[in-house]
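S.K.: Here is my input, please return the structure:
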Amino acid sequence: FDESYDDGKSGGYRDLSLSVEVGWVMNEGLVSFARVRDWEGLETLQRHICEIQVRLRSQHHQIVNEGLHTRYVELRNQYNG
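M.R.: Numbering: from 1, shown residues only. Down below sits the predicted model:
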């Protein structure tokens, strides 16, 4: 952490976001997850990237119940204009 960083610019919000890509195939209506090393050889492979957010419970409460995510979206849209 950099003590000189101005967290006022971000509203002080912090979380850890992990992007995870999963691959699977359907066989007779059943889903089988595929190892990454096998992906190239699977013609019917389906893939999806999902985001896992890790945050403190107190942060989650503020984000959900106090409308902080809505504020974030408004600020993000304003700066990305």
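S.K.: residues near the residue nearest to Gln46 when sequence neighbours are not counted, how many?
M.R.: Nearest residue to Gln46, sequence neighbours excluded (Cβ to Cβ, 6 or more residues apart in numbering): Trp24, at 5.5 Å. C-beta coordinates here come from the backbone N, C-alpha and C atoms, glycine included. By other Cβ atoms under 10 Å, 16 other residues sit near Trp24.
S.K.: Then Gln46?
M.R.: 12.
S.K.: In contact with it, which residues are there?
M.R.: Neighbour list for Gln46: Gly23, Trp24, Val25, Met26 [criterion: Cβ atoms under 8 Å, 6 or more residues apart in numbering].
S.K.: Quick one: mark the members of these that sit in strands.
M.R.: Gly23, Trp24, Val25, Met26 (DSSP state E).
S.K.: of these, closest to Arg76?
M.R.: Of all these, Gly23 has the smallest distance to Arg76: 30.5 Å, by Cβ to Cβ.
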